[in-house]
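Q: From the sequence below, what's the structure:
(chains A and B)
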Amino acid sequence: MLAITGAAATSRRPTLATDALMDWEAAVRACNARVVASLVAFSVPLDQAEELASQTWARLIEKERAGELREITLPGLAIKQARFLAHAWLRSNRLRGAFPEQEPAGGADPERALIARRDVEIALEVLSRSSASARAVFLHLYDDPPPSHQVVADRLGLSLQRVRQILCEVRRAIRVALEGQR
Amino acid sequence: MTEHLSEVRRLELLHGTLTERERIEVKAHVRDCPECARALAEDARVDEVLFEARRAQRVVTLAQRRRPVSIGRPPRRSAAAWLGAAVCAAVAAVAAWGPGAAVPAQGAAAGVLDWQNVVFYIPLTVGLLLVLVAMLGGHDHSGAHAEAHVDGHLEPHAGLDAGADHHGLAAEVPGEGSSLGKVLSVFGVGKVPLTIVLMVAYLVFGGVGVIANIVFSSAGLAPGVFGPISIGVAFAVVLASTGAAARLLQRVMPASETYRVSRHDFAGCTGKLLLPADATSGYAQVKDFEGNVHNIQCRAIKEPLPKGAAILVVAYDEKTRTFLVEADQT
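A: Numbering: from 1, shown residues only, chains lettered A, B, ... in the order given. Okay, the predicted model is just below:
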């Protein structure tokens, strides 16, 4: 059985009551890459994704200071806000024919929700068939925030090259499985 | 930078683990290279799935420890049952040999009926019956007392921080914290279900008692003398070993196994409409992945469906508390 490290506990910042003092600088440092990546996943160009992520944080900080946020759960809330902004941005750009038909998955869309759920199940299925070291690399690397490959290698007692090799193999297997399903 | 970015490099960019200088270089490349930009977006999409999967990582852990679940009720034989069967077979072999050796002068039949043997054969038989019941699947120890409800809300928006949810992975000790609870915990109750503890205790008591009888009788002691001694020895061994055996079984047994389904688990299940379904209402009977039948409130997400139509459950709508269904094309 693979042990789960407690790294997520410090980085995920589960649910913060708004009367607690929010360390936004630390939150941005920990979660910004995830927010940007979630936008890149929806074909938002990298530069634009970073710009939208900055706007996202600005809005969240503003809302928190105005006392409008009952609870802050990161990175989920930031990703949600960023996708909202990205959706508007994509829509306006699509009007000019700049981008392909690609919308952020909406939580209210049951079909998309079902696909997302199925994708996760496929990934878990592939992982359950993978080697113990592959699962360990996955568990350590896909934390919030993701540690560097070197940190994962040190934690697991593997070489950096081996960690990267495992990572690419696992991702390839998952990619193939996901494509096969589609 | 003329060559395309490697997957590792792209991932480092997505995960924010590059140095500032590296990040500037990689970003500049992505800006000028449509192929790498596309690959980056694809990597990010796979990453989205993997981060969600990571949230449900305990499911992976369970998958390693669980038997594969098939449609319909699978046969349930716990590791404890197999272990108990092995112990029981060993003890039975000793017991079969025991009476004759313990009472060589009176023959095997007379030895079996002697009180000093009977007091051990009764618990041995009860232990054997418990093993048989467990092996035949009449009662699943791991599932009856433990429950892990994994309900992943995987909608990319709202669900990002509401993923796998786990409850109650261990069997509860009655009155935990009380004196009774503490005493029971010494025997391993709470680590594994009570029936498993009883099974182990019965088998150990009976087996040790029979063996003790053999040893003491071959030492020349009279039955009236070694009988009580054997009982004392068997009790002592039960006290000393049952807790340890329970801890051992705890490692072998699945931490949890459940056949409970959440509403979201119905997605992908099929069934039949009991009443016609349209965009606002409907009533259907569906089978979950364990083969259990459920009656559900539903509504059609596409065209209205007539009574008796085969349906596929697409999702559960939390707001209206209805299942979204469409015609089953298969």
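Q: Just the closest residue of the stretch 201-330 of chain B to chain A, please.
A: Closest contact between the stretch 201-330 of chain B and chain A, by CB to the nearest CB, is at B:A315 (3.4 Å). Every C-beta, even on glycine, is put in place using the N, C-alpha and C of the backbone.
Q: Which elements pack onto the one helix or strand that residue maps to?
A: Per DSSP states H and E: B:A315 is located in strand B:310-317. The contact analysis (3 or more CB pairs under 8 Å, 6 or more residues apart in numbering or on different chains; DSSP states H and E) places strand B:310-317 against helix A:110-129, strand B:270-275, strand B:283-287, strand B:293-300, strand B:322-327.
Q: Between those, which one is closest to B:A244.
A: With respect to B:A244, and counting by CB to CB, the nearest of the helices and strands packed on strand B:310-317 is helix A:110-129 at 31.0 Å.
Q: Dump the C-alpha coordinates for the following helix or strand past that closest one into PDB.
A: Next along the chain after helix A:110-129, taking DSSP H and E as the criterion, comes helix A:132-141. Taking Å, rounded to 0.1, in the frame of the first residue of the first chain, the C-alpha atoms of helix A:132-141 are listed here in PDB:
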ATOM      1  CA  ALA A 132       4.300   0.200  -7.500                       C
ATOM      2  CA  SER A 133       7.000   2.700  -8.400                       C
ATOM      3  CA  ALA A 134       4.800   4.200 -11.100                       C
ATOM      4  CA  ARG A 135       2.000   4.700  -8.700                       C
ATOM      5  CA  ALA A 136       4.400   6.200  -6.200                       C
ATOM      6  CA  VAL A 137       5.700   8.700  -8.700                       C
ATOM      7  CA  PHE A 138       2.100   9.600  -9.600                       C
ATOM      8  CA  LEU A 139       1.000  10.100  -6.000                       C
ATOM      9  CA  HIS A 140       4.000  12.300  -5.200                       C
ATOM     10  CA  LEU A 141       4.100  14.300  -8.400                       C
END
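Q: So in that sheet, which strands flank the strand holding B:A315, and in what orientation?
A: Sheet pairing here is set by DSSP bridges, and for strand B:310-317 it gives strand B:270-275 (antiparallel), strand B:322-327 (antiparallel).
Q: Show me chain A divided up by domain.
A: Here the domain assignment for chain A is A:8-104, A:106-182, based on automatic domain parsing.
Q: where do the helices sit along the chain?
A: Since you didn't name a chain, this refers to chain A. For chain A, applying DSSP state H gives helices covering A:7-11, A:24-40, A:46-65, A:76-95, A:110-129, A:132-141, A:149-156, A:160-181.
Q: my bad, the chain I had in mind was chain B
A: Counting by DSSP H, the helices of chain B are B:7-15, B:20-32, B:34-55, B:57-65, B:79-102, B:107-113, B:115-135, B:141-145, B:179-186, B:194-218, B:223-252.
Q: And for the nearest residue to B:F266 once chain neighbours are set aside, the neighbour number?
A: Closest residue to B:F266 apart from its sequence neighbours, by CB to CB, 6 or more residues apart in numbering or on different chains: B:V313 at 4.7 Å. By other CB atoms under 10 Å in any protein chain shown, 26 other residues sit near B:V313.
Q: I'd say B:V313 and B:L273 touch.
A: No - assessed by CB atoms under 8 Å, B:V313 is found out of contact with B:L273, at 11.5 Å.
Q: what touches both of the two?
A: Counting by CB atoms under 8 Å, 6 or more residues apart in numbering or on different chains, the residues touching both B:V313 and B:L273 are B:C298, B:V325.
Q: By proximity to chain A, which residue of chain B wins?
A: Sorted by distance to chain A under CB to the nearest CB, the residues of chain B start with B:G16, at 2.7 Å.
Q: Next up, the contacts around that residue.
A: Counting by CB under 8 Å, 6+ apart, B:G16 makes contact with A:N32, A:A33, A:R34, A:V36, A:P145, A:P146.
Q: picking that back up, what separates the residue nearest to B:F266 from A:V120, distance-wise?
A: For B:V313, the distance to A:V120 equals 18 Å [CB to CB, to the nearest Å].
Q: B:Y316 now?
A: As judged by CB to CB, B:Y316 and A:V120 stand 16 Å apart.
Q: Which one's more surrounded, those two?
A: Shown here are B:Y316 and A:V120; by other CB under 10 Å, A:V120 has more neighbours (24 against 21).
Q: And the pLDDT at that one?
A: A:V120 is assigned 85 on the pLDDT scale.
Q: where's it relative to B:Y283, distance?
A: Separation of A:V120 from B:Y283 (CB to CB): 30 Å.
Q: Please work out which helix or strand belonging to chain A has the smallest mean pLDDT.
A: Every helix and strand of chain A was ranked by mean pLDDT, DSSP states H and E. The lowest is helix A:7-11, at a mean of 35.
Q: do chain B as well
A: The least trusted helix or strand in chain B, going by mean pLDDT, DSSP H and E, turns out to be helix B:141-145, with a mean of 37.
Q: so what's B:P276 up against?
A: Neighbouring residues of B:P276 by CB under 8 Å, 6+ apart: B:G282, B:P304, B:L305, B:P306, B:K307.
Q: Can you report phi and psi for it?
A: phi -60, psi 150 (degrees, to the nearest 10).
Q: Show me what residue of chain A gets nearest to chain B.
A: Using CB to the nearest CB, the closest approach of chain A to chain B is made by A:A33 at 2.7 Å.
Q: in chain B, which ranges drop under the pLDDT threshold?
A: Within chain B, the stretches with pLDDT under 70 are B:1-2, B:56-112, B:135-182, B:189-192, B:250-262, B:289-290, B:330.
Q: Tell me where chain A is predicted with low confidence.
A: Applying pLDDT under 70 to chain A flags the ranges A:1-22, A:94-111, A:182.
Q: tell me, what residue is most central in it?
A: Here the mean C-alpha position of chain A is nearest to the C-alpha of A:R34 (CA atoms, centre = their mean), at a distance of 4.3 Å.
Q: roughly how far apart are B:E35 and A:E25?
A: To A:E25, B:E35 is 36 Å away according to CB to CB.
Q: gap between the two ends of stretch A:135-153?
A: End-to-end distance of stretch A:135-153: 13 Å, with CA to CA, to the nearest Å as the criterion.
Q: Please give the centre-to-centre distance between it and its chain.
A: 13 Å (CA atoms, centre = their mean, to the nearest Å).
Q: Show me what counts as buried in it.
A: Neighbour-count burial for stretch A:135-153, counted by 16 or more other CB atoms under 10 Å in any protein chain shown, picks out A:135-149, A:151-153.
Q: Right, I'll leave it there.
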